[in-house]
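Q: I'll drop the sequence and a predicted model, then ask my questions.
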Amino acid sequence: MEDRQKQVEHSIVKKFRKEIWRRFTKAVNEYDLIQDGDRIAVCISGGKDSMLMAKLFQEILKHGKKNFEAVYLVMNPGYNERNLRRIEENAAILGVPLDIFESRIFDIVAVEDMESPCYLCARMRRGHLYNRARELGCNKIALGHHFDDVIETILMGMLYGAQIQTMMPKLHSTNFPGMELIRPLYLIREEDIIHWMNYNDLNFIRCACLLTEKRAAEEGAEIGSKRDEVKALIRELRQKSPYIEKNIFRSVENVNLNTVIAYKQDGVKHHFLERYNGAERDDEVS
């Protein structure tokens, strides 16, 4: 098992150096995600993204210049025994020491008449992670959202939420003062994570939601989501242009407020008419 662990670690910094390691360190540096003295709770769900993130933190602790600490946090929201055992087995293969705690969130959100339990579940999970991280003396939690999550969120906001927003690389916690959330996989493509997983013959859990499993069993089919629809749309657009994903990502870096009807800042809505009468230029963007 020790040889396999070394193989996984070697693949990150050698074979996948460009696709994974460099993009990880670029995100850490570009978005200033880690500072000396940090104690970071690396939050592991058991899926491919968070497991890779755990290994990346171990590698940067070995090879990087930052002086910080990491704990590898697993919240058990009510996983079935098979999924929890797989998480523990994969952690043993990868050499990741786990701090596992119980929350039983699945029991709370699995209400028969609740149409959209995912939002409540996500908020509760994050709250429990922040609380446990603070108990362990951490000032940050790290989540495994990647590049594809970011661009899917941008499109979902536009198509289903009538808004332009993105998943930020880091955030200050509103309910836990002094705590931050960071996303170190921000620049890593999901296809590269899958390639790394398959190359190392690793088998991680996918969706472990008991409610989804129950509904799928009752309806005899896999439950789709808005994110699945957007993911399929991006794949279709990619066939027409290889630059689609990068353009979606960069669109929220190139917002021109002079050509936006309205925007919100710190909860306050601003309208273009507020500055219209004082404008001197009338150049129109077509």
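A: Good, I have the coordinates.
Q: where's Leu237 relative to Val42, distance?
A: Using C-beta to C-beta, to the nearest Å, Leu237 is found at 33 Å from Val42. (Glycine included, C-beta is placed from N, CA and C.)
Q: Just want to know which of these two has more residues nearby.
A: Val42 (27 against 15; other C-beta atoms under 10 Å).
Q: Looks like that one contacts Cys138 (just checking).
A: No - between Val42 and Cys138 there is no contact under C-beta atoms under 8 Å: 9.5 Å.
Q: intersection of neighbour lists for these two?
A: Shared contacts of Val42 and Cys138, defined by C-beta atoms under 8 Å, 6 or more residues apart in numbering, are found at Val71.
Q: need the longest strand for the chain.
A: If you go by DSSP state E, the chain has its longest strand at strand 69-76.
Q: Check which helices and strands the next helix or strand after that strand sits against.
A: Remark: after strand 69-76, the chain's next helix or strand is helix 81-94, criterion DSSP states H and E. Packing contacts for helix 81-94, counted by 3 or more C-beta pairs under 8 Å, 6 or more residues apart in numbering; DSSP states H and E, involve helix 2-13, helix 48-63, strand 69-76.
Q: could you dump those to CSV with distance to Phe24?
A: Below are the helices and strands packed on helix 81-94 laid out as CSV (distance: least, C-beta to C-beta, whole Å):
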stretch, distance to Phe24
helix 2-13, 9
helix 48-63, 5
strand 69-76, 14
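Q: Ramachandran angles for Asn258?
A: When read as degrees, to the nearest 10, the backbone of Asn258 gives phi -70, psi -20.
Q: Neighbours of it, how many?
A: Counted with other C-beta under 10 Å, Asn258 comes out at 11.
Q: Quick check: the gap between it and Phe272.
A: 8 Å.
Q: any chance you could map the strands in the protein?
A: Under the criterion DSSP E, strands of the chain are mapped to 39-43, 69-76, 99-102, 140-142, 170-172, 180-182, 262-265, 268-271.
Q: before we move on, back to that, for Ala232, find the nearest of the helices and strands packed on helix 81-94.
A: With C-beta to C-beta as the criterion, Ala232 lies closest to helix 48-63 of these, at 19.3 Å.
Q: most tightly surrounded among the strands of the chain?
A: strand 140-142 (a mean of 25; mean count of other C-beta atoms under 10 Å).
Q: residues touching Arg104, list them.
A: Taking C-beta under 8 Å, 6+ apart as the test, what Arg104 contacts is 77-78.
Q: what pLDDT does it get?
A: Note on Arg104: pLDDT of 73.
Q: likewise the one 4 residues further on?
A: Reported pLDDT at Ile108 in the predicted model: 64.
Q: Compute the number of surrounding residues for Ile244.
A: 17.
Q: Nearest residue to it in space, ignoring adjacent ones along the chain?
A: Using C-beta to C-beta, 6 or more residues apart in numbering and skipping residues adjacent in sequence, the residue nearest Ile244 is Leu237, 4.5 Å away.
Q: wait, that neighbour sits on Lys246?
A: No - the criterion here is C-beta under 8 Å, and Leu237 misses it with Lys246 at 11.9 Å.
Q: Grab the longest helix from this protein for me.
A: When the chain is parsed with DSSP state H, its longest helix is helix 117-135.
Q: Which elements pack onto it?
A: For helix 117-135, the packing partners by 3+ C-beta pairs under 8 Å, 6+ apart are strand 39-43, strand 69-76, strand 99-102, helix 105-109, strand 140-142.
Q: need the least confident one among these, by mean pLDDT.
A: When I compare the helices and strands packed on helix 117-135, helix 105-109 is least confident, with a mean of 66.
Q: In the stretch 1-150 of the chain, where is pLDDT below threshold?
A: For the stretch 1-150 of the chain, the stretches flagged by pLDDT under 70 are 1, 106-120.
Q: mind redoing it with 50?
A: Within the stretch 1-150 of the chain, the stretches with pLDDT under 50 are 112-113.
Q: packing partners for the longest strand of the chain?
A: Strand 69-76 is packed against strand 39-43, helix 48-63, helix 81-94, strand 99-102, helix 117-135, with contacts defined by 3+ C-beta pairs under 8 Å, 6+ apart.
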